[in-house]
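Enquirer: let's see this in three dimensions:
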Amino acid sequence: MTKEINEIIAAYKKATQKGMKTALATVVYVEGSSYRRPGARMLVEEDGRMTGVISGGCLEGDALRKALLAIHQDQNKLVTYNSMDEEDVEFGVQLGCNGIVHILFEPIDAADENNPIELLERSQLYRRETVLVTLFSLHNFHGHQPGTCFFLDQESSYSKLDEAGLKALVHEDASTVLNAGSSFIKEYSAFELTAFVELLQPSISLIIVGAGNDAFPLVEMTKVLGWQITVADGRSTHANAQRFPDVHQLLTGKPEEIFKQLAIDEWTVFLLMTHNYKYDLAMMKLLLQINCRYIGTLGPKKRLERMFDELKDEGITVTDEQRATIHGPIGLDIGAETAEEIALSVLAEIKAVFAERTGGFLKNRSVSIHTRNELELQKLSSNGR
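Expert: Numbers count the residues shown, from 1 in each chain. Next up is the predicted model:
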């Protein structure tokens, strides 16, 4: 959701420069099925402009009205959309998802340097995980809805909470999420509040080693996804700004020279597709020195096995753990033929790897599409724990 967050931040800045008031709508809790899960956001400007989506389109119209009301009353509001009722007469939005969606609307105070959008922007400053906590009350919809109130990363924290006991609980749960690497939702019954403790992660950083024409659709589709893009090649005639004007980084040189210039983290993935066997082999040798979550190699399986054999002859053993992260041929089996279709299958495979999915047909899935366990409500005792 990094792309969506960045688009919301950009829209907020433009609106603020124009003196426009805004409100942030956030899906904070879902019961049953829904198009979007907790963490989906939409910015609403007072002229009706909307950025981001909180549903498949069925909620946005009513959400616009609720957001404008929140702006007008300058008050956070929690709204529940219930599509369990087939008649759907209560809200008249005809969700058709057989679920209950709770959305928090927060008017944004531009003068507050720690308003929800500013905290979102802080989460995007560095390529590291952060936690945002949003508090809301399912017990009293018309009562106080604290909203986005806590920020935590490995370097800093910020809290809007005054109550020491609640602040300690929130801080502890935010630390748990940061260490465990997954979001959850908890009810603090003693305070009649529920917390969406949300982990925000950096976008995938795609390093395309190979600046041939088959990299063009990869770059275009990756831009749509909002991932970071680096294109690298030994040929300056190929890896240049005229051919790739919109990528985040362009690198040329020998594999060793390029490798030294890369900022590699756990969200970095590599595609080796120079069509130059020796170049790809040299880069593969460097990548085996680091823990990389995904390495894709263009070409048939025999080409990759040849690489492994030559590395073995050089005394480099590719472990089973490393082999599990190396994909060759790259991509999901969707019958791709053209460069565009291959790009689609490759990006889908990378997404599946990061989501820890197999990439099969959803109709064959025997359990829910979304992983629900961590986002099901966890209730605490009345004394807080």
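
Enquirer: just confirm Val101 is within a strand.
Expert: Yes. Counting by DSSP: H, G, I helix; E, B strand; the rest coil, Val101 falls inside a strand.

Enquirer: quick one: pLDDT of it?
Expert: Looking at Val101, its pLDDT is 92.

Enquirer: how about the helices in this protein?
Expert: Using DSSP state H, the helices of the chain run over residues 2-17, 60-73, 116-123, 164-180, 215-225, 255-261, 277-287, 301-313, 320-325, 339-355.

Enquirer: if you count contacts, what does the first one end up packed against?
Expert: Helices and strands in packing contact with helix 2-17 are listed as strand 22-32, strand 41-45, strand 50-52, helix 116-123; criterion 3 or more C-beta pairs under 8 Å, 6 or more residues apart in numbering; DSSP states H and E. For the C-beta atoms, the positions are set from N, CA and C on the backbone; glycine is no exception.

Enquirer: next, the angle helix 60-73 makes with the longest one.
Expert: With axes from the mean of the first three to the mean of the last three C-alpha atoms, to 10 degrees as the criterion, the two stretches strand 22-32 and helix 60-73 enclose an angle of 130 degrees.

Enquirer: just send the helices of the chain back as CSV, with distance to Thr194 too.
Expert: Output for these, formatted as CSV (distance: least, C-beta to C-beta, whole Å):
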stretch, distance to Thr194
helix 2-17, 22
helix 60-73, 19
helix 116-123, 17
helix 164-180, 12
helix 215-225, 31
helix 255-261, 46
helix 277-287, 44
helix 301-313, 49
helix 320-325, 38
helix 339-355, 26
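
Enquirer: ranking the helices and strands packed on helix 2-17 by burial, who's on top?
Expert: When neighbours are counted by mean count of other C-beta atoms under 10 Å, the highest per-stretch mean among the helices and strands packed on helix 2-17 falls to strand 41-45, a mean of 25.

Enquirer: next one: it to chain centre, how far?
Expert: 17 Å (C-alpha atoms, centre = their mean, to the nearest Å).

Enquirer: show me what it is packed up against.
Expert: When contacts are defined as 3+ C-beta pairs under 8 Å, 6+ apart, strand 41-45 packs onto helix 2-17, strand 22-32, strand 50-52, helix 60-73.

Enquirer: try it again at 6 Å.
Expert: Here strand 41-45 touches helix 2-17, strand 22-32, strand 50-52, going by 3 or more C-beta pairs under 6 Å, 6 or more residues apart in numbering; DSSP states H and E.

Enquirer: got the domain ranges for this protein?
Expert: Split into domains by the TED database, the chain comes to 1-200, 205-363.

Enquirer: out of those domains, which gets the lowest mean score?
Expert: Lowest mean pLDDT of the domains of the chain: domain 1-200, a mean of 91.

Enquirer: tabulate the helices and strands packed on helix 2-17 (a markdown table), appending distance to Lys223.
Expert: What follows is the helices and strands packed on helix 2-17, written out as a markdown table (distance: least, C-beta to C-beta, whole Å):
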| stretch | distance to Lys223 |
| --- | --- |
| strand 22-32 | 25 |
| strand 41-45 | 21 |
| strand 50-52 | 17 |
| helix 116-123 | 21 |
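
Enquirer: please name whichever of these is nearest to Glu340.
Expert: Minimum separation from Glu340 across the helices and strands packed on helix 2-17 (C-beta to C-beta) falls at strand 50-52, 27.1 Å.

Enquirer: report all helices and strands that the closest one contacts.
Expert: Taking 3+ C-beta pairs under 6 Å, 6+ apart as the contact cut, strand 50-52 packs with helix 2-17, strand 41-45.

Enquirer: run through who's touching the longest one.
Expert: What that stands for is helix 2-17. By C-beta atoms under 6 Å, 6 or more residues apart in numbering, the residues outside helix 2-17 that reach it are 22, 41, 43, 45, 51-52, 110, 117, 120-121, 203, 226.

Enquirer: out of the helices and strands packed on strand 41-45, the one nearest Gly143 is which?
Expert: strand 22-32 (15.3 Å).

Enquirer: export the closest one to PDB, keeping only CA atoms.
Expert: Output in PDB follows, covering the C-alpha atoms of strand 22-32 (Å, rounded to 0.1, in the frame of the first residue of the first chain):
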ATOM      1  CA  THR A  22      -9.200  17.400   4.200                       C
ATOM      2  CA  ALA A  23     -10.300  14.300   6.000                       C
ATOM      3  CA  LEU A  24      -8.700  10.800   6.100                       C
ATOM      4  CA  ALA A  25     -10.900   7.700   5.900                       C
ATOM      5  CA  THR A  26      -9.200   4.600   7.100                       C
ATOM      6  CA  VAL A  27     -10.600   1.000   7.200                       C
ATOM      7  CA  VAL A  28      -9.800   0.100  10.800                       C
ATOM      8  CA  TYR A  29     -11.700  -3.200  11.300                       C
ATOM      9  CA  VAL A  30     -13.500  -5.700   9.100                       C
ATOM     10  CA  GLU A  31     -15.800  -8.600  10.100                       C
ATOM     11  CA  GLY A  32     -16.300 -11.200   7.300                       C
END
